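J.: need a structure here:
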Amino acid sequence: MNIVETKKAPGAIGPYSQAIEVNGLVFTSGQIPVDPATGQIPEGIAAQAEQSCKNVGAILEASGSSLDKVIKTTCFLADIGDFSAFNEVYGKYFTGKPARSCVAVKEIPKGVLCEIEAVAVK
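T.: Numbers count the residues shown, from 1 in each chain. Presented below is the predicted three-dimensional model:
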(Lines give C-alpha, C1' and ligand atoms only; values in the text may rest on other atoms or scores of the structure.)
Protein backbone atom coordinates (compact mmCIF):
# COMPACT_ATOMS: atom_id res chain seq x y z
CA MET A 1 0.00 0.00 0.00
CA ASN A 2 1.21 3.48 -0.84
CA ILE A 3 -0.01 6.68 0.79
CA VAL A 4 -0.72 9.47 -1.69
CA GLU A 5 -0.07 13.07 -0.63
CA THR A 6 -0.04 16.35 -2.52
CA LYS A 7 -0.02 20.02 -1.58
CA LYS A 8 -2.34 20.64 -4.58
CA ALA A 9 -5.28 19.38 -2.51
CA PRO A 10 -6.27 20.13 1.08
CA GLY A 11 -4.43 18.18 3.75
CA ALA A 12 -6.31 15.66 5.84
CA ILE A 13 -8.19 17.18 8.79
CA GLY A 14 -8.04 13.93 10.74
CA PRO A 15 -6.15 10.65 11.06
CA TYR A 16 -6.38 9.60 7.41
CA SER A 17 -4.60 9.97 4.06
CA GLN A 18 -5.66 11.94 0.99
CA ALA A 19 -5.58 8.60 -0.85
CA ILE A 20 -4.21 5.09 -0.74
CA GLU A 21 -2.91 3.21 -3.79
CA VAL A 22 -3.03 -0.58 -3.67
CA ASN A 23 -2.93 -3.24 -6.40
CA GLY A 24 -3.27 -0.69 -9.19
CA LEU A 25 -6.27 1.06 -7.66
CA VAL A 26 -6.39 4.50 -6.04
CA PHE A 27 -8.92 5.18 -3.29
CA THR A 28 -9.32 8.87 -2.45
CA SER A 29 -10.68 10.14 0.80
CA GLY A 30 -13.71 12.40 0.51
CA GLN A 31 -12.76 15.81 -0.80
CA ILE A 32 -14.58 18.87 0.41
CA PRO A 33 -14.32 22.20 -1.44
CA VAL A 34 -11.40 23.75 0.40
CA ASP A 35 -9.01 25.69 -1.83
CA PRO A 36 -5.59 24.23 -0.94
CA ALA A 37 -3.80 27.51 -1.71
CA THR A 38 -5.94 29.72 0.51
CA GLY A 39 -7.85 27.42 2.86
CA GLN A 40 -11.02 29.21 1.76
CA ILE A 41 -14.35 27.59 0.86
CA PRO A 42 -16.18 29.08 -2.13
CA GLU A 43 -19.84 30.10 -1.94
CA GLY A 44 -22.64 28.10 -3.59
CA ILE A 45 -23.02 24.54 -4.81
CA ALA A 46 -21.56 25.11 -8.30
CA ALA A 47 -18.33 26.67 -7.00
CA GLN A 48 -18.05 24.08 -4.24
CA ALA A 49 -18.61 21.17 -6.64
CA GLU A 50 -15.94 22.64 -8.91
CA GLN A 51 -13.39 22.86 -6.09
CA SER A 52 -14.17 19.35 -4.83
CA CYS A 53 -13.67 17.96 -8.35
CA LYS A 54 -10.37 19.83 -8.68
CA ASN A 55 -9.21 18.44 -5.33
CA VAL A 56 -10.02 14.85 -6.37
CA GLY A 57 -8.24 15.43 -9.68
CA ALA A 58 -5.10 16.76 -7.97
CA ILE A 59 -4.89 13.73 -5.70
CA LEU A 60 -5.39 11.33 -8.60
CA GLU A 61 -2.65 13.12 -10.57
CA ALA A 62 -0.29 12.80 -7.62
CA SER A 63 -0.95 9.06 -7.61
CA GLY A 64 -0.24 8.66 -11.33
CA SER A 65 -3.92 8.35 -12.23
CA SER A 66 -6.48 10.86 -13.49
CA LEU A 67 -10.16 11.75 -13.53
CA ASP A 68 -10.44 9.82 -16.82
CA LYS A 69 -9.52 6.64 -14.98
CA VAL A 70 -12.15 6.90 -12.23
CA ILE A 71 -14.36 3.81 -12.02
CA LYS A 72 -16.56 4.76 -9.02
CA THR A 73 -17.46 7.88 -7.08
CA THR A 74 -19.49 8.50 -3.98
CA CYS A 75 -20.94 11.99 -3.68
CA PHE A 76 -22.47 13.55 -0.61
CA LEU A 77 -24.78 16.58 -0.75
CA ALA A 78 -25.97 18.63 2.19
CA ASP A 79 -29.19 19.34 0.24
CA ILE A 80 -30.60 16.98 -2.40
CA GLY A 81 -32.15 20.09 -3.96
CA ASP A 82 -28.62 20.83 -5.24
CA PHE A 83 -28.56 17.57 -7.25
CA SER A 84 -29.04 19.15 -10.70
CA ALA A 85 -26.57 21.99 -10.17
CA PHE A 86 -24.04 19.53 -8.73
CA ASN A 87 -24.47 17.18 -11.72
CA GLU A 88 -23.84 20.00 -14.16
CA VAL A 89 -20.39 20.63 -12.70
CA TYR A 90 -19.61 16.98 -11.95
CA GLY A 91 -20.27 16.01 -15.58
CA LYS A 92 -17.54 18.38 -16.81
CA TYR A 93 -14.91 16.55 -14.76
CA PHE A 94 -16.02 12.92 -14.73
CA THR A 95 -16.48 12.55 -18.48
CA GLY A 96 -15.97 8.78 -18.43
CA LYS A 97 -19.26 8.46 -16.54
CA PRO A 98 -18.01 6.22 -13.72
CA ALA A 99 -20.39 4.27 -11.52
CA ARG A 100 -21.69 6.59 -8.80
CA SER A 101 -23.70 6.90 -5.64
CA CYS A 102 -25.01 10.34 -4.68
CA VAL A 103 -26.84 10.88 -1.42
CA ALA A 104 -27.95 13.72 0.80
CA VAL A 105 -26.54 13.64 4.31
CA LYS A 106 -27.34 15.57 7.45
CA GLU A 107 -24.00 17.40 7.68
CA ILE A 108 -20.63 17.52 5.95
CA PRO A 109 -17.44 18.69 7.72
CA LYS A 110 -16.90 22.46 7.85
CA GLY A 111 -20.53 23.03 6.85
CA VAL A 112 -19.82 22.57 3.13
CA LEU A 113 -22.45 21.66 0.55
CA CYS A 114 -20.74 18.65 -1.09
CA GLU A 115 -18.02 16.04 -0.76
CA ILE A 116 -16.66 13.62 -3.38
CA GLU A 117 -14.61 10.45 -3.05
CA ALA A 118 -13.35 8.32 -5.91
CA VAL A 119 -11.83 4.97 -6.86
CA ALA A 120 -9.61 4.98 -9.95
CA VAL A 121 -7.28 2.66 -11.82
CA LYS A 122 -3.65 3.69 -12.10
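
J.: next, count neighbours for Ala120.
T.: Counted by other CB atoms under 10 Å, the residues lying close to Ala120 total 27. Every C-beta, even on glycine, is put in place using the N, C-alpha and C of the backbone.

J.: ok, now Glu5?
T.: 14.

J.: now for it: which residues touch it?
T.: Taking CB atoms under 8 Å, 6 or more residues apart in numbering, we find Glu5 in contact with Ser17, Gln18, Ala62.

J.: repeat the analysis, applying 10 Å as the threshold.
T.: Gly11, Ala12, Ser17, Gln18, Ala19, Ile59, Ala62, Ser63 (CB atoms under 10 Å, 6 or more residues apart in numbering).

J.: for PyMOL, what selects the buried ones among the residues you listed?
T.: Listed next is the PyMOL selection for buried residues among the contacts of Glu5, using 16 or more other CB atoms under 10 Å:
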select buried, resi 17+18+19+59+62+63
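
J.: among the contacts of Glu5, which are in helices?
T.: When the contacts of Glu5 are checked against helices (DSSP state H), the matches are Ile59, Ala62, Ser63.
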